[in-house]
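>>> Output the structure for:
(one chain, ligands or ions: 1)
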Amino acid sequence: MGFQAEHFLRMKQWRRGLDKADRWCILISADPDAMGSALALKRLMHRKVKHVDIMRINEVTRPDNLAMIRYLRIPVRPWQPERLTQYQHLAVVDSQPAHSQAFAGLTFDCIIDHHPVTDLGSALAPGGLCDIRPEMGATSTMLTRYLQALRIQPGPLLATALLYGIRTDTAVFARSGGERDLRAYQWLSQQADTSLLQRIIRSEYLRAWLPIFARAFRNLRDCRGGALVSLNDVDSADLLVAVADFFTKVHGLKWVAVSGVVDKKVIVIFRGDGGRDIGRLADACFYDVGTAGGHRSMGRAEFPLSAVPAGVKAADFVHQRLLTRKLRPRPSTAGQ
Ligand SMILES: [Mn+2]
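Residues are numbered from 1 along each chain as shown. The predicted structure follows:
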C-alpha cells in the first residue's frame, strides 16, 4: 500500500470511530493555514459528532487574517482553558502540542500538521489520529487531500479558506510548496470564490493605520538615492512593515527605510528594488547599536532607544546614520 493510501485509510478509520454524542474543540494558533485546516476538519466531522468548536490561542491582528474571518465566516473564538470540561475531545491543526505553552498538559485525539516533527510525549491520546508531514507546503493541502479522498466537495467559503491557507504558507509557491500543494491549489481554485479571495488579499491595512500613513506621506524625504520615512512612536512593527511595503509599489523609489519606536525600541524596516543590497545597508548603519541585516531587497534593524545619544531625536539619529555610514567589507569566508 502506498504512503498516501495509508494516511487516507487511517483517517477513514478514525472518522468511522467518531461518536455522535461527543463535543470536540479544534485548537489553533490562528493564521490562514490553521483557519482553513480547522474549517476543513470541522467539515469532515460534520454529522459524525455532536458539535465542533474552533478556538484560537492567539490574538488575530493582521488585516488579511481579520478579513478572512469576516468574509469566510470562520467561527473562531478565543480559547478559554476553563471551558476544557465542556469537550470530550481536542484536536490541533497546523501546530503541535510542543509549539505553545497554551497546549501544555492537554491530550489531543487528532493532530494534523506540516511543521517539523516535535516530541509528542503523552499529548497524543491512545487511538488518536496523528498525521505530521513536514514535506507538505501547508496543512491546508493535507486537509484538501482528505476531503478529496472522502469525496467531500467543499463549498465556496471552505475552498477559499483552504486556498488562502496554501497561498500564504507557500507565499504563492515562491517560498515553499511542491507538486501536491500546487495540485490541491488548482483543485480548490475551481470551487473558490475569487471575488472574496481578492477582498481578503487586498485587505492590507487597518482603518486605524490611515492617520499614520498620512504622516508617512508627509514625512517622506530623499536620502542617498532612496527615501526615509520617520514615524516616531507607533503601536507595532507590523505597521512599519505595511508602510515600507506600500512604498515599494511607488515607481522611482529605489529603496525606502521606515523608522519608528515601538516599546522603547527603535525599529527600521528597509525595502528595496534589489538594485543595491539593502540588507548590507541596514547592517552598515546599525550593526554597532543592535541587530541589523537582511537580504538584497529586504532589511531590518532594531536597537534600544537608549542607544540614541541624549538630546538627539531617534528619527534624526536614523537619518544621520543613513547619510554617513559606509558599507562594511563582506565578512571573508574561509575556503572560498
Ligand atoms: Mn501552516
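>>> So which elements touch the helix or strand of the chain at the bottom of the mean pLDDT ranking?
The least trusted helix or strand in the chain, going by mean pLDDT, DSSP states H and E, turns out to be helix 3-16, with a mean of 89. In terms of contacts (3 or more Cβ pairs under 8 Å, 6 or more residues apart in numbering; DSSP states H and E), helix 3-16 is packed against strand 124-132, helix 139-149. C-beta: built from backbone N, CA, C; applies to glycine.
>>> I'd assumed Asp131 was in contact with Met11.
Yes. Counting by Cβ atoms under 8 Å, Met11 touches Asp131, with 7.3 Å between them.
>>> Not counting its neighbours along the chain, what's nearest Ala91?
Cys110 (3.7 Å; Cβ to Cβ, 6 or more residues apart in numbering).
>>> Look up how far Glu82 lies from the one you found.
22 Å (Cβ to Cβ, to the nearest Å).
>>> Tell me which residue of this structure lies closest to the ion.
Closest residue of the chain to the ion, Cβ to the ion: Asp33 (3.4 Å).
>>> Packing partners of whichever strand or helix holds that residue?
Following DSSP states H and E, one finds Asp33 within helix 32-45. Helix 32-45 is packed against strand 23-28, strand 51-56, helix 63-71, strand 89-93, strand 108-113, helix 139-149, helix 156-170, with contacts defined by 3+ Cβ pairs under 8 Å, 6+ apart.
>>> How many neighbouring residues does the residue of the chain closest to the ion have?
30 (other Cβ atoms under 10 Å).
>>> OK, contacts around the nearest residue to it once chain neighbours are set aside?
Leaving aside its sequence neighbours, Asp33 sits nearest to Gly165 (Cβ to Cβ, 6+ apart; 3.9 Å). Gly165 sits next to 32-37, 138-140 when contact means Cβ atoms under 8 Å, 6 or more residues apart in numbering.
>>> same thing with Ile267?
237, 240, 259-261, 300-302.
>>> on that earlier part again, now the residue nearest to Asp33: how far from Lys254?
34 Å.
>>> Ala67 now?
31 Å.
>>> How about Asp245?
In terms of Cβ to Cβ, Asp245 sits 15 Å off from Lys254.
>>> that older thread, contacts for the least confident helix or strand of the chain?
Under Cβ under 8 Å, 6+ apart, the answer for helix 3-16 is 1, 44-45, 48, 110, 128-129, 131, 145-146, 149-150.
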